[in-house]
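J.: Make a model of this:
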Amino acid sequence: MRIAKTFVAIAVVMAFILPATLTAYTTPGTSVYWTGDDLVENSNGAVTWDEESGRYLFTEEVTIAETDTIVIEEDLQCTHTSNPAITIEGYFVMGILDSAQVDSLEFIGPDEELASGFRIEETGYLELNRVIADGGGYDGEIPGHSMVHVVDGSATVTGCRFTNWDRYVMSLSGGFTSVENCMFHDNHQWTININMSAEVEISGCTLIDNNLEASSAKNPISIGTQGYNTVSIENCYISGEEGNLHGGVSVWNYLGSGADVEISNVTVEGASFGVIAQGSGVEVLITDCQFIDNNIHPNPMQGGSGITVQQFATVTGARNIITGNHWGITVLTNATVMLGDVDAEDPDEQGYNQIYDNGNGGEVYNFYNNTSGDMLAQNNWWGSMDSTTVENGIFHDPDNGSLGLVTYMPLWDPDANLPPVITESEPWFHTFNFHPVTDQVFTITGNDPDGIDSTLFYHWLVNGELMGTTSSYTHTFTELGEFEIIGALIDAEGDSAYVTWNATGINAVPEFTQWAPEGEEYTTSQGVQTLFRVRASDEDDDSLSFSFYLDDELVSEDTTYSYVGADDIGEQSLRCIVTDPFGAADTLNWVIYIAIGVDASESGLPETFNVAAYPNPFNSSLHVQMALPNAGYVHAVVYDITGRQVATLADGVFAAGYRELSWNANGLASGVYIVRMEAQGETCMMKVMLIK
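T.: Residues are numbered from 1 along each chain as shown. Below is the predicted model of the structure:
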């Protein structure tokens, strides 16, 4: 008969003191849509651009007002004197277009303080995409600060890396936050702290080498202790190391109404525990997880369980692997665990857990029920199909009559084959955008726990279609839209492990930058020729195609179209479309009104091209009169006597008729100047004298 152990439950109660917001600059709150350059222009020096480092510098606190949107696609650095650095009541979006190789987001506090980053208020929204955020240093004497503090707004954080932060990398105390495919490493205390009734989704994240302070068990993901928190954690990896007592995921309730937490496909290894659930109203569903070798706590009486449940909390678990820990499952003080019911219809209640080789002090403790309640743990693998061996690893009623019974029969005998394990994958960001045509290399490496690495196979699937069968795969993105790239590692028995990347093809829309005539409506006469001319640009530097349509008939595929006024209709429509190779387009429309019954010979238009300048000599102001028989392009410039161009008088299309240009020569010295004009297929030059 073994003696019941006395466990010491360690509870961490966290007090939140929200700092008052001190604002040096607030955006106007007029629904502006600004870039970082707009902030530089309007923030009165609070935000500047540093050309040498190629990043925006936030040197004072900034508030993004409600309804305003700030979009930054370059790096930024905050250096400030109080916290937080950026308060968000509107929208703040930061996305690095190119693959980030260095710190793209850095917060540096003064000597006597640590830096604090974003504070998202009730109406605020923060989006971070593929940034590398550096906390700017650490001083153990200064209270902790958070990089992202969601008070009661929302945040979406995707494909980012966070390092060198002090108390919390993320403090999520309300609203909704999504954290996807991010890496957290070398931070000093808690990594993600969820409290005060927040809704949070964490997926595809890696949390390693955190809690460097190592003064106590400051866990990578800590949920509670106040309010009612709803949290989903899936496809994440958490690891610990010797001398660092943090665990994996902790769920607490002391001052709130509980928590609803789902943990799926999460690995915690080498830490002081896998998951702790504690407090009334705490309900945790744990499925398809691995809690391995969480035995670094020097005192097994204070830690080392794969899963610990205590103080009225409830945990349901299925298809988990729990091995190499001081304790497999530990249930204390009126808590409840359900690890398998052979009659259950819900797959998450049917068991299929593998709980084996857990223990300490020379004893095996796969399941330790230290409560008076009965527990169901049917249909699981305990390392053996021998019932006596299984019983020796479970501490319950037969060992101490005051304890509840753990019903573990029938047993489950899994195949001897274990699925392969992926140990590394590249690229580390799993969600990204691209512009066709882009090449991206994907790699996965792994091993077979059964030791038969030579029988591993690779499959690469793009939107469900098999595209490659080697450990490395290069995909050329040639189309727009959404792509799911899956790299799968498969053993000889057909079991697999896989990594998923999600890519979205994006394409900037080309835009007209200059056109003539400039107005949407244009009036001409029968037989009069008008030159329509356009210019356009494309952020992606795509080759552009141009098409002019006259009353829906294609009339030109150039950047110009020479139109002659018709003699039998009073109105025509002209449309120009610029298109990139991927179908994105911009359109210009003109409505052309024609003076019916008036042809070129009767319209009062000049019959020949002529130019005159007056007064000559002139004092500051010169007028250049043009007689244009036909509409067309006019280019007029002024040179000084040395041949240096000093002014441009015209550069565009002019309608037929008598037109006048003006030049103000203030600031120029007296002397001879030359006016050079190209128009109507001719070039003329005139000398003019400036006298002051």
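
J.: hey, where'd the strands end up in the stretch 401-550 of the chain?
T.: For the stretch 401-550 of the chain, the strands defined by DSSP state E, counting those that start in this stretch occupy 406-407, 421-426, 431-434, 438-447, 457-462, 465-468, 472-477, 481-490, 496-505, 511-516, 521-525, 529-537, 545-550.

J.: contacting residues around residue 673?
T.: Residues near residue 673 by C-beta atoms under 8 Å, 6 or more residues apart in numbering: 638, 639, 640, 641, 646, 665, 687, 688, 689, 690. From N, CA and C alone the C-beta is placed, and that goes for glycine too.

J.: Mind doing that once more with 6 Å?
T.: 638, 640, 688 (C-beta atoms under 6 Å, 6 or more residues apart in numbering).

J.: out of those residues, who's nearest residue 513?
T.: Lowest distance from residue 513 to those (C-beta to C-beta) belongs to residue 638, with 25.2 Å.

J.: How far away from the center of its chain is the helix or strand where residue 202 lies?
T.: Residue 202 belongs to strand 199-203 when elements are defined using DSSP states H and E. Relative to its chain's centre, strand 199-203 lies at 14 Å (C-alpha atoms, centre = their mean, to the nearest Å).

J.: Could you do stretch 648-664 as well?
T.: 50 Å.

J.: how close does residue 691 sit to residue 330?
T.: 100 Å (C-beta to C-beta, to the nearest Å).

J.: out of those two, which sits in the busier spot?
T.: Set residue 691 next to residue 330 and count neighbours by other C-beta atoms under 10 Å: residue 330 wins out with 28 against 9.

J.: Any idea what the more buried one is bridged to?
T.: Counting by DSSP bridges, residue 330 forms beta bridges with residue 308, residue 368.

J.: Let me see the contact set for it.
T.: Contacts of residue 330 (C-beta under 6 Å, 6+ apart): 305, 308, 368.

J.: doesn't residue 278 make contact with the second one?
T.: I take that to be residue 308. No - using C-beta atoms under 6 Å, residue 308 is not in contact with residue 278; the gap is 7.7 Å.

J.: more crowded one of the two?
T.: Legend: neighbour count by other C-beta under 10 Å for residue 308 and residue 278, higher for residue 308 (28 against 25).

J.: pLDDT score assigned to the more buried one?
T.: Looking at residue 308, its pLDDT reads 96.

J.: repeat for residue 45
T.: 91.

J.: contacting residues around the helix or strand just after the strand holding residue 202?
T.: Scanning forward in sequence from strand 199-203 by DSSP H and E, the next helix or strand is strand 206-208. For strand 206-208, the surrounding residues in contact (C-beta under 6 Å, 6+ apart) are 183, 184, 185, 191, 220, 237, 238, 239.

J.: can you pull the contacts of the residue positioned nearest the centre of the chain?
T.: The centroid of the chain falls nearest to residue 129 when counting by C-alpha atoms, centre = their mean (2.0 Å). Contact analysis of residue 129 by C-beta under 6 Å, 6+ apart lists 95, 158.
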